[in-house]
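starting from these lines, generate the structure:
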Amino acid sequence: MTDYGTLISDDDGTGHVVPQPSERETQPLLGPPEPGNSWRPPRHFIWIETAIFANVFLYGFDSTITAATYATISSEFGAANTASWLTTSYLVTSTAFQPLYGRFSDLFGRRICFFVSTITFAIGCLGCGLGRDIVLVNVMRAVCGFGGGGLMTMATIVNSDMIPFQKRGMYQAVQNGMFGFGAICGASFGGSIADYIGWRWCFLLQIPVSAVALVLGFLVVQNPSRDFSLHQSSLKDIWTKVDFSGSLLLVSAISIQLVGLSLGGNELPWSNGWVIGSLVGSVLLLVLFIIVEARTTAIPIIPLRMLKGRLPVSAQTANICAGLAAYAYLFMLPLFFQVVLLDSATKAGVRLALPSLATPIGGLISGVVMSRWGKLFWLVRAGASLMAFGNLLVLTLGFHDQAWKYLVFTFPANLGQGIIYPGLLFTSLAAFDHSDHAVTASTVYLVRSLGSVWGVAITSAILQNTLKKSLPTALPDVPGKDDIIDQIRHSVTTLRDLPPELQYPARLVYYDGIRYAFLFSTAVAALAIVASSLLKKNGEMRRVFRGLAGALAKGAIRSFALIFLYNTSTHLLWIEKMPRRVKEGRPSSRDEAVELADVANPPEAEGEPIIPKRTYIKVVSAAFSFFVAGVNDGSLGALIPYLIRSYDINTAMISIVYAVTFSGWFLAAISNSHLCQYLDLGAMLVLGAFLQLLAHALRCWTPPFALFAVTFGIVSLGQAYQDTHANTFVASVKTAHRFLGLIHAMYSGGCLVGPFVSTAIASADTPSRWSLFYTFPLGLGVVNLALCVGAFRDSLTIKAKRSVNVGSGDGSRNEGALLQIKETLKTPSVWLLSLFYFFYLGAVITASGWVVEYLVEVRDGDLADMGYVPAGFNGGSFLGRLLLAEPTHRWGERRMIFIYSVIGLALQLLFWLVPNIIAASVAISLLGFVLGPFFAAGVSVGSRLFSTRVRSSALALVFVLGQIGGSIFPAITGIVAAHAGVKVLQPVLVALLAATGISWLLVPKTSGLHHRD
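Numbering: from 1, shown residues only. Model (predicted):
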C-alpha cells in the first residue's frame, strides 16, 4: 500500500496527513509487504498459516471451555465459592497483557513474542491438567491467559507482515472462522470431555496442538527482513526503547478494573469498598497511563495519536459499544431460553447453535461490501443498526411464541456483530500507516475485550438488582422465603423445581430483568450507531479507501464473495454451448455481441470485466433456480418423521421416495442430449422450471403416498434439466468462478431455509399440516418460471432441423447425440469421478435426510427442535462452499479434499461416539462445513480432465451417476433401519465418508490445464 503518512481526522471531519512519526516512535521491524498485484505467498506460507491458525483455534477453544467445566472442577476440589476464578483469572491476564504484544513484537521480533505466547499458554494448560488444588489451577489459568492474550494478536500481526492490505481480507476471514470454530468446539465438547474422560483432559488435549504450532513456528515463522534485524541493535539499545512505565500502568489498570467488575454483583455487592476502590483506582491508573505515554522518551505502548481526532475516537467508541452490546446480548440470550422456555442448558445450546451461523455470514457480507464498494463507514453503521434491531426483536419475544420466532429473531444481532467487527478493524487499520498496524490491531482487540467484560458485568448487575428488588414482593409468603429467593438468584435450574405458585411469579421477575438488560444492550448499540455516524471521510481518506476497495477485491472477495473457483477455460465451453446464431457470428442482440467479443478477446489485464446487464439478470435467474432446488432437497430430512406418522409407514417406505428421485435423474441422463438437439437453452430451463412447479402443486394438499412419491421423480427430472443448463450458461460468462460460486451457494442457502420453514409449519398442532409447507416452494416455483421466461426469452426456441458436425463427420441430430454419448462413456476419468460423486452425494443426502429421525429415536431429542438440525448441516455446507473454496483451489484440490475427508470422518466418529445432542448438532454442522467444497472441487477437476467435445455431456453424466448414490444409500439406510433401527445411520455414514476419501485418490491427476482438442 502506498505510504501516505499518518492519517489524522480533525475535529471538523476534514482530516489531514502528518509526516511520519519521529524516530523513537518508528517501528523499524515493519515494512509494508509488496504491492498487492505483484505479491506472491512467501516460502512455507501454508505452514506459517497452519501454525498461527492452530493458535487461533486454541484461543477460541480455551476461552469457552471453562464455562462448560468449571462446576465439575470446583466440585472435585470442594471449592464452589471460588469457581468463578477459573474464568476470571484467565480473562484478567489475557485482556491485560494483550495490548503489549503489539508493541513488544515490534521491538523484540515476531518470533520471540510468538514463542512466548505459545509456550506460556502450553505451560498453563499443563499446569491446569496436573494441578492438585484449586489455588494452583487458578494460578495456571492466569498463566494461560498471559500466553492466550498473544495467540490471536500475533496471528493478526504475522499475517500483516506477510500479506499486503489488498490480499488480507481472505486470510482474516479464515482467522475469524478458526476462532469461531474453536469457541464452538470448546462450548460444545467441554462438558462431554469432562463427563467421559475427565476435566483435566480439557486442558491436556490442547498441549499437542500447541506443540504443533510451536514446532512449525520455530521452523517457518521469521521476523520481517526489511530495514531491520535484531542483530543490528544491542540488547541494551532495545531495552531503552521499552515503555516499562506505560506497560506496568496499563496492565495494572486493566487488571484492577477486571477484578472489580468480576467481584461486583457476584461475590461482593457493588457497594462494597473493594469493588468501588478497584474501579476508581483503575480510572486513576488509566489517567496516569495517558500522562506517561504523552511524556515518555521510549516507544509508547499505545501512541496517543491513535486516540486523537474524530476518526480514531469515533471508531474506538463504536468498537467498545459493539463489544459491550454483543456480549451483553450473548450473555443474556441463553438465560432467556432457560427462564422463558424452561430449557435445559443443553437445549438452550442447541437453540443457539444455528443463530451462531449468522456471525460468519455477517463476515461474508462485510467482505463482499468492502471488496466491492469499500464503504467501511456504512458497513459499521449497518452492523450497529442490525445489532440494535436484533436486540429490539428479542425484546418482543414472550413465553408462548411460535418456535420459529425464537430462531429467526435471534439472527439479526449476530449478523450485525459479524458485519461490524471486521468493519471496525479495517477502518482503524486504514486510518494509519502500515508501521502502526501491529499496535492498531492490538488496540482494537483491547478496546473490544474491555467492552465485552463491561457488557457482561453491567447486564448481570441489572438482572441481579431486578431480582433483589422484585422477588420479595412477587413471591407469596412461604416458609424459607429468603432461602428460596437466594437460590433463585444464583441458580436458574432452581426454577424448574419450584411449585407452580412460586415458579411463574419468579419467571416473570426474571423475564423483566432480562428485558431490562436487553433494553440496555439496545441503547448501547444505538450509541454505536451514533458514534459510527461521526465517522467522516476526507480527501486523503478517499485515497486510502479506494486503495482498500481495489485491494480487497483481489483478496477478500475471493474468500467472502461467493467464490466457487471453477478454474476452467470458460470461453471454450461458451463456444461449445452458446446459441447457434452466436456460433455462426450472428449475435441477436448487442448484449450477445459484447459477450462474443469478450470470448474472442479475453482481457490480459486483471480487472473487472464489463458484463451486459442482461447477463446479470440471467445469472440471477440461474441462482434463484438453485435456491428453489435447495429448498426442496433440504426440507425432506426435516419432514421424514412427519411423513412416517402421517402416512403410518415405516422407514423402508421412505426409501421409495429416494428411489423415485433417482428415476428422475436417470431419465434426465438418457434424454438430455436428445432434447438439446431440439430445444434451445431457455426452452430447457423453462421445461425444468415447469416440471418442478407441477410437482409442488401436486404435493401441497396431502396426496396419497404413492402420488407423493411420484412427485419426487417429477421434481428431480426438472431439477436435472434446469441445474445442468444453468451451470452450462453461468460457466460461459465472464468471471464465471464468482457466478458459479453464487449459484451453488444459493443452493446451500435453499437447503438452509428449507428445514426452518418446513419444521415451523409441520410442528403445528394439526398432524397433516406438514403438506402446507409445499405452498412455499410452489410460490417460489412460480417466480422461478417467470424469471426463466423473462431472462432467457431470447433463447425460448425450438431448433430448426439441420445437420450437425461431430468429430470429423456429418450426421443427423440423433447420430450426433449418440456419438457424443459413446465418446463420453469411453472416457475412463468420467467413471472415476462419478465414483467419487456416487459416495459423496450418498453421504451428504443420507446424513441430511436421516439425522432428524436418528436424533429423535436414538438420542431422545424433541421432534420440534431436532427438525432444525439439518439447517445446521446445510448452513455449514453454505459457509464451506464460500470460505474453503479459495484455500482448496490455492493449495490443491487433490490434497485438500483428502484432508477434508479425514476431518469429516473424525467429526462423524465424534457424532457417533459422544451421546450428547449439542455435540451432535455441532459435529453435524462442522461436517457440512468440511464437505462443502467437495462439489466445486470435483467440477473443477472434471473440467480439466474432460475434452471440450464431451465436457458438457460428461459433467451431466457424472452428476446423474452421483445422484444414484444420493438415491440408493438413503434408500438402503431406510430399508435396513426398518429392521435394525435408525441407529444404523452411523456405520453407514462412516463407510460412505471413508469411501469418498479413497475414491477421490483414484481420480486421475490433472496438469492444471484444460484440454483443447
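
number of residues surrounding residue 497?
Residues lying near residue 497 (other C-beta atoms under 10 Å) number 10. C-beta coordinates here come from the backbone N, C-alpha and C atoms, glycine included.

roughly how far apart are it and residue 488?
Here the criterion is C-beta to C-beta, to the nearest Å. By it, residue 497 lies 10 Å from residue 488.

same question for residue 994.
Remark: distance between residue 994 and residue 488 (C-beta to C-beta) = 51 Å.

out of these two, which sits in the busier spot?
Between residue 994 and residue 488, counted using other C-beta under 10 Å, residue 488 has the larger neighbour count: 21 against 17.

roughly how far out does the helix or strand encompassing the more buried one sit from the chain middle?
Applying DSSP states H and E as the criterion places residue 488 in helix 481-490. Computed by C-alpha atoms, centre = their mean, to the nearest Å, the chain-centroid distance of helix 481-490 equals 40 Å.

show the average pLDDT along that helix.
On average, the pLDDT along helix 481-490 is 78.

then stretch 103-111?
In this model, stretch 103-111 has an average pLDDT of 82.

can I have that stretch written out in PDB, keeping just the CAs?
The C-alpha coordinates for stretch 103-111 follow below in PDB (Å, rounded to 0.1, in the frame of the first residue of the first chain):
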ATOM      1  CA  ARG A 103       4.500  -3.100  20.600                       C
ATOM      2  CA  PHE A 104       6.800  -5.700  22.100                       C
ATOM      3  CA  SER A 105       6.700  -7.700  18.800                       C
ATOM      4  CA  ASP A 106       7.900  -4.500  17.100                       C
ATOM      5  CA  LEU A 107      10.800  -4.300  19.500                       C
ATOM      6  CA  PHE A 108      11.900  -7.900  20.100                       C
ATOM      7  CA  GLY A 109      10.600  -9.500  17.000                       C
ATOM      8  CA  ARG A 110       7.700 -11.600  15.900                       C
ATOM      9  CA  ARG A 111       9.400 -15.000  16.600                       C
END
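
now do the contacts for residue 119.
By C-beta atoms under 8 Å, 6 or more residues apart in numbering, the residues touching residue 119 are 147, 214.

can you tell me the element it falls in?
Secondary structure from DSSP H and E places residue 119 in helix 110-130.

what residues of whichever helix or strand comes after that helix count as buried?
Following helix 110-130 in sequence order, the next helix or strand is helix 134-162 (DSSP H and E). Buried residues in helix 134-162, counted by 16 or more other C-beta atoms under 10 Å: 134, 137-162.

can you pull out the strands in the stretch 801-950 of the chain?
Here the stretch 801-950 of the chain has its strands, by DSSP state E, counting those that start in this stretch, at 804-806, 809-811.

avg pLDDT for the first one?
Per-residue pLDDT values across strand 804-806 average out to 43.

what about the stretch 501-650 of the chain, any weak spots by pLDDT?
Residues of the stretch 501-650 of the chain meeting the criterion pLDDT under 70: 536-611.

residue 836 contacts residue 1001, correct?
No. Using C-beta atoms under 8 Å, residue 836 makes no contact with residue 1001, being 9.3 Å away.

who has more neighbours, these two?
Neighbours per residue, other C-beta under 10 Å: of residue 836 and residue 1001, the larger number sits with residue 836, 27 against 11.

which non-adjacent residue is nearest that one?
Spatially, and ignoring its direct neighbours in sequence, residue 836 is nearest to residue 999 (4.5 Å; C-beta to C-beta, 6 or more residues apart in numbering).

quick one: contacts for that neighbour?
Residue 999 sits next to 832, 835, 836, 838, 839 when contact means C-beta under 8 Å, 6+ apart.

highest neighbour count among those?
Neighbour counts for these (other C-beta under 10 Å) peak at residue 836, which has 27 neighbours.

local confidence estimate at that residue?
For residue 836, pLDDT reads 91.

mind checking how far it is from residue 893?
Look at residue 836 and residue 893: by C-beta to C-beta, they are 11 Å apart.

likewise residue 149?
Residue 149 is 37 Å from residue 893, by C-beta to C-beta.

same question for residue 647.
Residue 647 is 43 Å from residue 893, where distance means C-beta to C-beta.

compare these two (neighbour count), which wins?
Neighbour count, other C-beta under 10 Å: between residue 647 and residue 893, residue 893 has more, with 24 against 15.

pretty sure that one sits against residue 937.
Yes. Proximity of residue 893 to residue 937 meets the contact threshold set by C-beta under 8 Å, at 4.1 Å.

domains of the protein?
Domain ranges of the chain: 43-224+232-242, 247-298, 613-1002, per automatic domain parsing.

turn the ones you listed into TSV, including distance to residue 406.
Listed next are the domains of the chain as TSV, based on distance: least, C-beta to C-beta, whole Å:
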stretch	distance to residue 406
domain 43-224+232-242	19
domain 247-298	28
domain 613-1002	10
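
of all those domains, which lies closest to residue 319?
Nearest to residue 319, of all the domains of the chain, is domain 43-224+232-242, at 13.5 Å by C-beta to C-beta.

which residues sit in contact with the spatially closest residue to residue 383 that is not a sequence neighbour?
Of all residues not flanking residue 383 in the chain, residue 420 sits nearest, at 2.7 Å (C-beta to C-beta, 6+ apart). Contacts for residue 420 (C-beta under 8 Å, 6+ apart) come out as 318, 322, 362, 379, 380, 382, 383, 384, 387, 528.

any idea which element residue 420 lies in?
helix 411-430.

now do that helix against helix 134-162, angle only.
Relative orientation of helix 411-430 and helix 134-162, computed by axes from the mean of the first three to the mean of the last three C-alpha atoms, to 10 degrees: 60 degrees.

measure residue 430 to residue 311 for me?
10 Å.

those two: who's more crowded?
Between residue 430 and residue 311, residue 311 has the larger neighbour count (other C-beta under 10 Å), namely 26 against 23.

the more buried one is in contact with residue 431, isn't it?
Yes. In terms of C-beta under 8 Å, residue 311 counts as a neighbour of residue 431; the distance is 5.5 Å.

do a quick rundown of the strands in the stretch 1-150 of the chain.
6-8, 16-18.

grab the longest helix from this protein for me.
helix 437-474 (DSSP state H).

which strands and helices sit next to that helix?
helix 85-108, helix 134-162, helix 244-263, helix 310-340, helix 411-430, helix 481-490, helix 500-533 (3 or more C-beta pairs under 8 Å, 6 or more residues apart in numbering; DSSP states H and E).

distance from the chain centre to the first one, please.
Taking C-alpha atoms, centre = their mean, one finds the center of helix 85-108 at 27 Å from the center of the full chain.

packing partners for that helix?
Here helix 85-108 touches helix 45-77, helix 110-130, helix 134-162, helix 244-263, helix 437-474, going by 3+ C-beta pairs under 8 Å, 6+ apart.

first-to-last residue distance for stretch 125-134?
14 Å (C-alpha to C-alpha, to the nearest Å).

state the mean pLDDT of it.
Average pLDDT, stretch 125-134: 88.

among the domains of the chain, which is nearest residue 443?
In terms of C-beta to C-beta, the element of the domains of the chain nearest to residue 443 is domain 43-224+232-242, at 6.3 Å.

check the offset of that closest one from the chain's centre.
Here the centre of domain 43-224+232-242 is set off from its chain's centre by 21 Å, with C-alpha atoms, centre = their mean.

measure that domain end to end?
From its first residue to its last, domain 43-224+232-242 covers 32 Å (C-alpha to C-alpha).

what about residue 192, how many neighbours?
As a burial measure, residue 192 scores 18 neighbours (other C-beta under 10 Å).

oh sorry, the question was meant for residue 453
By other C-beta under 10 Å, neighbour count at residue 453 equals 21.

then the one 3 residues further on?
With neighbours defined by other C-beta under 10 Å, the count for residue 456 comes to 19.

nearest the middle, which residue of the chain would you pick?
By C-alpha atoms, centre = their mean, the mean C-alpha position of the chain lies nearest to residue 360, the distance being 3.4 Å.
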